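A.B. asks: sharing a model that was predicted from the sequence below.
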Amino acid sequence: MAPAEVVPWAVRSRQLPLTSMALAENETCAVQSVACPSQAWRLKTVRQARQGEARPGGARRGLDGGSRADDPRTSCHVTRKMAVFPWHSRNRNYKAEFASCRLEAVPLEFGDYHPLKPITVTESKTKKVTRKGSTSSTSSSSSSSMVDPLSSVLDGTDPLSMFAATADPAALTAAADSSRKKRDRDDNSVVGSDFEPWANKRGEILARYTTTEKLSINLFMGSEKGRAGTAAFAMSEKVRTRLEELDDFEEGSQKELLNLTQQDYVNRIEELNQSLKDAWASDQKVKALKIVIQLLPNNDIWKETHRADESCFCITDHFSPENANDTAKETCLNWFFKIASIRELIPRFYVEASILKCNKFLSKTGISECLPRLTCMIRGIGDPLVSVYARAYLCRVGMEVAPHLKESLNKNFFDFLLTFKQIHGDTVQNQLVVQGVDLPSYLPLYPPAMDWIFQCISYHAPEALLTEMMERCKKLGNNALLLNSVMSAFRAEFIATRSMDFIGMIKECDESGFPKHLLFRSLGLNLALADPPESDRLQILNEAWKVITKLKNPQDYINCAEVWVEYTCKHFTKREVNTVLADVIKHMTPDRAFEDSYPQLQLIIKKVIAYFHDFSVLFSVEKFLPFLDMFQKESVRVEVCKCIMEAFIKHQQEPTKDPVILNALLHVCKTMHDSVNALTLEDEKRMLSYLINGFIKMVSFGRDFEQQLSFYVESRSMFCNLEPVLVQLIHSVNRLAMETRKVMKGNHSRKTAAFVRACVAYCFITIPSLTGIFTRLNLYLHSGQVALANQCLSQADAFFKAAISLIPEVPKMINIEGKMRPSESFLLEFLCNFFSTLLIVPDHPEHGVLFLVRELLNVIQDYTWEDNSDEKIRIYTCVLHLLSAMSQETYLYHIDKVDSNDSLYGGDSKFLAENNKLCETVMAQILEHLKTLAKDEALKRQSSLGLSFFNSILAHGDLRNNKLNQLSVNLWHLAQRHGCADTRTMVKTLEYIKKRSKQPDMTHLTELALRLPLQTRT
């Protein structure tokens, strides 16, 4: 890579990047102010030292480096080694370099070009004409058109259209007609994504319907001899295998499993389902059929009918009757005959329904003919609960294979209405007495099946169908169960517009069969999705809450209240919400009933904060904070606090200083913080810190900076266990100090100077409490930069010294996102950042010339580096860049109201001599390391470092000095000596030197270029 000599050293890649100091300067202000007393005293003292006068409070000292300050930390064994080659820095004119690097401005006519203007391409067509006895001539024509890559699809010039155009036109026409017919047919035969499948309901049903009673199941324990049936067997072997299976079946090898828990029962059903699939896949068709036949009739059907669907299988295919050959049709018909021979009604119905799709092997109208027959078959099932689940399964299969056949769906529903009265008949009531089940426990078993039937019927149904359903419900007595399913199935918009009609029907329902509060809950679920007429909203709430508030059972109450809270928040003010919350507290506090209802209470909180985005209004709700007090369990309380903070961060747009919000959210954040312990996961800590930091960022007291600092002090005491929060507080305080500087335009008064020193002290006290080593280093540096910008020179020195003293504690390996990584690259990055700040830090009059640089060099020298690492030399190279920049008459950048060493020393020769001595010492260290790399395994590293050092000398050294010039030539040869150098980089570097040699003040580079040969790898 060619040396970027013309680019200022402080912004060169991976060497001395400008840090957040420059960023802070740009963000806060570029202002003028008088120096503070410490700065003025420091300037005066240095000037006295340059004149040979005594410094106040210190010993006499010159700038020749002969004597050192009394501070033992300034003794540096690095500086005792004299370099072989003297260093001479090149004088830099930064303004001229910036001007030469700036891109040349080119006038641009925006009328002709704009980056967002469509591209216009000129297409030239050339036609060649050949005549006898003459040379060829050409004629050309040009046309201008806008090229759009997507428009080619419309005109048929895209590759796929052109390929299709080459096909048979007749075949294309037939395919298009077939595709159009199929598309028209699929519009009515395919269920859309808005239809909720049964699989989504299954988990909720299994979780809702539980029992503690022991269950039993009869299982087929077939012989294992049938497992050998494979396609490779001869036909006689298949026949023999199937006969053996039938023999096993006739022997009645069955086993009854008794005393199963509900979960064991479900698990066993799943195992049988998998066994059925495996048997079918392994060509054991008879065994698969026997599993179904033996399983279905033996269910304790009134308890577990809603699970029977899970034991059925579905054999589907992707062929049409035209594609099926005679053998396939015969096989299919044979299986339907086998199923028809099953004596028991329920197994025969489920098996035939599950393979309903296979009817298309036989005829096109097979499915439409079988669905009505299966619907009529269900009429033979006497138990109304068993029959309703059979109808639900048939509707499920019908929606999968023929959703356009609405007649069969409606017929199922009308048949159900005819048998609905059986629920209250003597037969069912006597059976319930025998089973020991009361009617309120029995009726809730119907809704899953009824809801599914209604969902299938109401899918894409017109609003008139709802009117018809409501009329049929009114004609039936004890219609609460039916009414609940209607409200659950139809679109919420249809229900909301008829809210008062449904409330009237709910009032007329019998309370003994199906509780009214469940009906109001179903109505509330619809009103949460769709808005009722505005004139009816308050009356709807009053009618519903009259029923809900009378509930004595806390679980029934909270299940209904949780639904209607959303309706209240959506349509009413904080007054009504406060009334509802007060009623919830009243019902859930006795006997600590809230401990059993944490999920519902959490949902209430989420719904309230989802509609109240103004937290000043939210916390003014009188019963909101008492409602939070019901969350006594720590884990639940923390989750609720996280929900509140997430909503605050998401919806709070402007900073706030509202004391109500601050006190409430400080309590919420304190709750989250106090939940942290030794077992808390890092991800959880990170999440909590993110939420608390979001709150801290949104607090602002405007120009009341002292109140802002007091808030940060209080926050530090409250959130001391979360390190990211402390880091955020330090950054916030630093920002507060810079805002103060911006307000004062750099001219601090006595009061503001004391305030920024308080901010600096806050950071200096807080940083040591952090555990991350690089976090502390970067915060020391950043805080020192802020102190320097506010003319707090002694405080800035303290920060920089603390950072230097912390470097020896940097471990060899650090944890980065759970992985251990070497720390040297991170240390190099920090030190390069540090060097860019040290350029503008003025020397302390009592500590000698460049005392911070000397202390830092001592630490770097004493640090234990990896054996095969070159990071130390890269750091020394950056130090060389720093010292070269310090030797300039005017530095690259400054801080307003802070006199750097270029102003303090004014280019004094003794200061420059001291600077050059340090440069020579650093050079000696670099050269010594290059000598140690003269080994076979390290030659590539030696070449890379040698070329890097050469570039540094080229950029910062005065090559008119013969010794330095000779050193650069030696480094060039060293980089190429063993053929390890990148030839392309060497060529570009030499080209750059030749280009620079043409400048007026760089003629000496011409001779240097002649002494730099290029070697090939041959």
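C.D. replies: Arrived safely, thanks for sending. Numbers count the residues shown, from 1 in each chain.

A.B. asks: tell me who's in contact with A1009.
C.D. replies: Residues in contact with A1009 (C-beta atoms under 8 Å, 6 or more residues apart in numbering) are 990, 993-994, 997. C-beta here means a position set from N, CA and C on the backbone, and glycine is covered the same way.

A.B. asks: let me redo that: C759
C.D. replies: Taking C-beta under 8 Å, 6+ apart, one finds 709, 733-734, 736-737, 740, 786 in contact with C759.

A.B. asks: highest neighbour count among those residues?
C.D. replies: If you count neighbours using other C-beta atoms under 10 Å, the busiest of the contacts of C759 is V786, which has 30 neighbours.

A.B. asks: and the pLDDT at it?
C.D. replies: Looking at V786, its pLDDT stands at 96.

A.B. asks: so it is in contact with N734, correct?
C.D. replies: Yes. Contact criterion C-beta atoms under 8 Å: V786 and N734 qualify, at 4.5 Å.

A.B. asks: intersection of neighbour lists for these two?
C.D. replies: If you check V786 and N734 against C-beta under 8 Å, 6+ apart, the residues they both contact are 759, 763.

A.B. asks: filter the contacts of A1009 down to the buried ones.
C.D. replies: Buried members of the contacts of A1009, counted by 16 or more other C-beta atoms under 10 Å: 990, 993, 997.

A.B. asks: what is the nearest of these to H844?
C.D. replies: The shortest approach to H844 among the buried ones among the contacts of A1009 belongs to I993, at 40.6 Å (C-beta to C-beta).

A.B. asks: adding secondary structure and pLDDT, write the buried ones among the contacts of A1009 out as CSV.
C.D. replies: Below are the buried ones among the contacts of A1009 laid out as CSV (DSSP: H, G, I helix; E, B strand; the rest coil; pLDDT from 0 to 100):
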residue, secondary structure, pLDDT
L990, helix, 92
I993, helix, 92
S997, coil, 89
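
A.B. asks: could you count how many residues lie near the residue nearest to E595 when sequence neighbours are not counted?
C.D. replies: Leaving aside its sequence neighbours, E595 sits nearest to Q632 (C-beta to C-beta, 6 or more residues apart in numbering; 6.9 Å). Q632 is flanked by 11 other residues according to other C-beta under 10 Å.

A.B. asks: try E352
C.D. replies: Neighbours around E352, by other C-beta under 10 Å: 21.

A.B. asks: give me the element it is part of.
C.D. replies: helix 345-354 (DSSP states H and E).

A.B. asks: give the buried residues for that helix.
C.D. replies: By neighbour count on 16+ other C-beta under 10 Å, the buried set for helix 345-354 is 345-354.

A.B. asks: skip ahead from that helix and say which helix or strand is next.
C.D. replies: helix 366-377.

A.B. asks: quick one, the helix or strand following that next one and helix 345-354 angle?
C.D. replies: Sequence-wise, the next helix or strand downstream of helix 366-377 (DSSP H and E) is helix 384-401. Per axes from the mean of the first three to the mean of the last three C-alpha atoms, to 10 degrees, the angle that helix 384-401 makes with helix 345-354 is 10 degrees.

A.B. asks: what angle sits between helix 384-401 and helix 366-377?
C.D. replies: Using the same axes, to 10 degrees: helix 384-401 against helix 366-377 is 170 degrees.

A.B. asks: quick one: which two of the buried residues of helix 345-354 are the most distant?
C.D. replies: So, these by C-beta to C-beta: farthest apart are L345 and S354, at 15.0 Å.

A.B. asks: I'd like the average pLDDT over the helix holding E352.
C.D. replies: Computed over helix 345-354, the average pLDDT equals 82.

A.B. asks: off-centre distance for that helix?
C.D. replies: 48 Å (C-alpha atoms, centre = their mean, to the nearest Å).

A.B. asks: which neighbouring elements make contact with it?
C.D. replies: Identification of packing neighbours for helix 345-354 by 3 or more C-beta pairs under 8 Å, 6 or more residues apart in numbering; DSSP states H and E yields helix 285-295, helix 326-340, helix 366-377, helix 384-401.

A.B. asks: mind pulling up the pLDDT for L481?
C.D. replies: Model confidence at L481 (pLDDT) stands at 79.

A.B. asks: on the three-state scheme, the residue nearest to E595 is what?
C.D. replies: Put simply, Q632 is coil when judged by DSSP: H, G, I helix; E, B strand; the rest coil.

A.B. asks: quick one: buried residues of the helix or strand hosting S903?
C.D. replies: In this assignment (DSSP H and E), S903 forms part of helix 901-905. Neighbour-count burial for helix 901-905, with 16+ other C-beta under 10 Å as criterion, is recorded at 901-902, 904-905.

A.B. asks: good, we can wrap up now.
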